[in-house]
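> Build me a model from this:
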Amino acid sequence: MLRRTKIVATLGPASDTEEDFNRLIEAGVDVVRMNFSHGDANDHRRRAKGIRTCASAHNRHIGVLGDLQGPKIRIERFEQGSIVLNEGDDFSFDVDCDSEGGDQNRVGVAYKGLPGDVRNGDTLLLDDGRLVFRVTRIKGSEIKCQVLVGGELFDNKGINRKGGGLSASALTGKDRQDIKLAAEIGVDYLAVSFPRNAADIDEARSLLRQAGGHGGIVAKIERTEAVDAIDEIIDVSDAVMIARGDLGVEIGDAQLPGVQKRVIRAARTHDRVVITATQMMESMVENQIPTRAEVFDVANAVLDGTDAVMLSAETATGKYPAKAVEAMDRICRGAEKHRLATTSNYRIDSTFKRADEAIAMAAMYTANHLGVRAIAALTESGSTPLWMSRISSGIPIFALTPHVETRRKVTLYRGVYPIEFQIPSADHAQVNKEAVDLLTKIGAVEKGDLLILTKGDLMGKHGGTNAMKIVHVGGLIDATDA
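Model (predicted):
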């Protein structure tokens, strides 16, 4: 059984060599994430080149996702590296404090606009919510607080304001340089951290195109404002990522499950890809097997309809990167056997605006009701298999395309598998035959199976899919395109 849900794995010190790349590919990774918050430009260039070389050797197509750091608001450093705070202690965040001079009473903040963004009574959360502070007074550059939940506070930990509302721009100066690097590398997707609205996504796309990049834009949903503007953000994005770390800190962990389900549903409704991320198998940073809670977390995301599930520290710095991918692969396959993962009423009462969209929907309806073994979509841009993948089904969708960029792009689409297919001629009968022969050769279909084939009359034209053919492998059911 082909796994439909895609796996994104973050590269890092634990997955940095050709041997590591091969193990991840053999374990089943579909897309690798390069976190621009860590490593330098040469690290990212080397990793992108290495993963693509190894993928080619395995006859696989692996997507590359570049993830911008964004305006992560952090404290500065302590003289001793850390301090211990207790409940009830007074403590200050001072934007004018020496960057290396933090002590038991105060610490600097890298984001100089923080005093203007907070008010008396606000709750500040440090280190992903592990320490909690209540703002008692703002005095010039200093935010005076009382500790509500204490603990050890280390250098450079992140700050969130409960409920959101921090005004820092989504794209920093570093991000703008990293966008140029992303274009140079040729990332298939670029993730924008902490976007507040559609304008942030539009700006990132414009900068990537100006730099010569052609990848899709992924909006990371990790601010309260992004949840409030979710529909407009999804509309201008190619994909969204439910980044549950910072998002959970801002909206509260109790709200996360409902928001995750809402965002997955909204993304699929808008015909966009959705990635579920953060701490999905966190225990596997240290352990060889996941907890039962993590198994349920991954499985529930699959049953909700996520396109992809993502590993972060598990593969970037963990002890068992390949085993984490193998475990996630196993859980996804198990969840996909459930009826919820293979049935759909999506767009059953909708009208369609484009011929290729209508063909995609017709193909999926037919496939789900006719006992079809596989679907072959001859595609230029990947739009037709994307629409197909919005319909829950157990039937594999093969995206046949001559374009390497399209093959890498569809690695993130649920239930879609890229195959290189050079269109042999303008003769439709010959194209049909070679497509069927190719799927037979790779074992996707065999003699006697039913196969649905979609393509355009004008092959090589973007958005030109206008025909669907039902093929009986070994002989045509109907020689007429539908």
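
> correct me, but Val84 touches Phe154?
No. Using C-beta atoms under 8 Å, Val84 is not in contact with Phe154; the gap is 10.5 Å. For glycine as for every other residue, the C-beta is placed from the backbone atoms N, C-alpha and C.

> Between the two, tell me which one has more neighbours.
Comparing Val84 with Phe154 by neighbour count (other C-beta atoms under 10 Å), the higher total belongs to Phe154, at 14 against 10.

> which ones are touching the more buried one?
Phe78, Gly81, Ser82, Asp127 (C-beta atoms under 8 Å, 6 or more residues apart in numbering).

> mind listing what the first one touches?
Pointing back at Phe78 there. Taking C-beta under 8 Å, 6+ apart as the test, what Phe78 contacts is Gly102, Asp103, Val107, Leu153, Phe154, Asp155.

> what helix or strand is the residue nearest the centre of the chain on?
Closest residue to the average C-alpha location of the chain: Ile275 at 3.8 Å, with C-alpha atoms, centre = their mean. Assessed by DSSP states H and E, Ile275 sits inside strand 273-277.

> Walk me through which strands that strand pairs with, and which way each runs.
The pairing partners recorded for strand 273-277 under DSSP bridges are strand 239-243 (parallel), strand 308-311 (parallel).

> Following element in sequence after that strand, please.
helix 292-304.

> Show me the contact partners of that following helix.
Contacts with helix 292-304, where a contact means C-beta under 8 Å, 6+ apart, come from 5, 260-261, 264-265, 276, 280-284, 290, 309, 328, 331-332, 334-336, 338, 340-341.

> Could you check the helix or strand harbouring Gly116 and say which residues are buried?
Secondary structure from DSSP H and E places Gly116 in helix 114-117. Neighbour-count burial for helix 114-117, counted by 16 or more other C-beta atoms under 10 Å, picks out Leu114, Pro115, Asp117.

> Apart from its chain neighbours, what residue comes closest to the last one?
The spatially closest residue to Asp117, leaving aside those adjacent along the chain, is Leu166, at 5.0 Å (C-beta to C-beta, 6 or more residues apart in numbering).

> gap between that neighbour and Glu250?
Computed with C-beta to C-beta, to the nearest Å, the distance linking Leu166 and Glu250 is 9 Å.

> Among these two, which residue is more densely surrounded?
Glu250 (24 against 21).

> if I read this right, that one contacts Gly158, doesn't it?
No. The criterion here is C-beta under 8 Å, and Glu250 misses it with Gly158 at 11.2 Å.

> Spell out the residue ranges of the strands in the stretch 151-300 of the chain.
151-154, 159-161, 189-192, 216-221, 239-243, 273-277 (DSSP state E, counting those that start in this stretch).

> Touching the third one from outside, list them.
If I follow you right, that is strand 189-192. With contacts defined as C-beta under 8 Å, 6+ apart, strand 189-192 is touched by 31, 33, 63-68, 70, 170-171, 179, 182, 200-201, 204, 208, 213, 215-220, 238-239, 241, 409, 412.

> same thing but 6 Å
Here strand 189-192 makes contact (C-beta atoms under 6 Å, 6 or more residues apart in numbering) with 65-68, 182, 204, 208, 215-220.

> swap in the longest one?
In this structure, residues lying in contact with strand 216-221 by C-beta under 6 Å, 6+ apart are 189-193, 195, 201, 204-205, 233, 237-243, 263.

> Look up the closest residue to Gln69, ignoring the ones flanking it.
Here the nearest residue to Gln69 in space, its sequence neighbours aside, is Ser37; by C-beta to C-beta, 6+ apart that works out to 4.1 Å.

> Pull the number of nearby residues for the one you found.
Neighbour tally, Ser37, other C-beta under 10 Å: 13.

> what's the pLDDT at it?
pLDDT for Ser37: 90.

> Please, which helix or strand holds it?
Per DSSP H and E, there is no helix or strand for Ser37.

> Report the separation between it and Ala9.
The value you get for Ser37 to Ala9, if C-beta to C-beta is used, is 16 Å.

> cool, Gly81 as well?
For Gly81 relative to Ala9 (C-beta to C-beta), the value is 31 Å.

> who's more crowded, the two?
Ala9 (28 against 9).

> I'd say Met468 and Ala363 touch.
Yes. With contact defined as C-beta atoms under 6 Å, Met468 reaches Ala363; the gap is 5.3 Å.

> out of the two, which sits in the busier spot?
Shown here are Met468 and Ala363; by other C-beta under 10 Å, Ala363 has more neighbours (29 against 20).

> what residues does the host helix or strand of that one touch?
Assigned by DSSP H and E, Ala363 belongs to helix 355-370. Contact with helix 355-370 is made by 352, 375, 384, 387-388, 391, 393, 395, 452, 454, 463, 465-466, 468, as judged by C-beta under 6 Å, 6+ apart.

> can you tell me which of these lies nearest to Arg137?
Of all the contacts of helix 355-370, Arg137 sits closest to Trp387, with 54.8 Å by C-beta to C-beta.

> mind checking the SS state of the closest one?
Look at Trp387: counting by DSSP: H, G, I helix; E, B strand; the rest coil, its state is helix.

> And the pLDDT for the closest residue to it other than its chain neighbours?
Nearest non-adjacent residue to Trp387, counting by C-beta to C-beta, 6+ apart: Ala360, 3.7 Å away. pLDDT for Ala360: 88.

> residue ranges for the helices of the stretch 301-450 of the chain, please.
313-316, 321-336, 355-370, 383-389, 404-409, 428-441 (DSSP state H, counting those that start in this stretch).

> Against which helices or strands is the first one packed?
Counting contacts by 3 or more C-beta pairs under 6 Å, 6 or more residues apart in numbering; DSSP states H and E, the secondary-structure elements packed against helix 313-316 are strand 6-10, helix 321-336.

> Packed most tightly, which of the ones you listed would that be?
Mean neighbour count (mean count of other C-beta atoms under 10 Å) peaks for strand 6-10 among the helices and strands packed on helix 313-316, with a mean of 26.

> what angle separates it from helix 292-304?
Using axes from the mean of the first three to the mean of the last three C-alpha atoms, to 10 degrees, the direction of strand 6-10 lies 130 degrees away from that of helix 292-304.

> If any of the contacts of helix 355-370 are buried, give me the PyMOL selection for them.
Buried residues among the contacts of helix 355-370 (16+ other C-beta under 10 Å), as a PyMOL selection:
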select buried, resi 375+384+387+388+391+393+395+452+454+465+466+468
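
> What about the contacts of helix 355-370, which are in strands?
Filtering those for membership in strands, criterion DSSP state E, returns Ile375, Ile452, Thr454, Thr465, Asn466, Met468.
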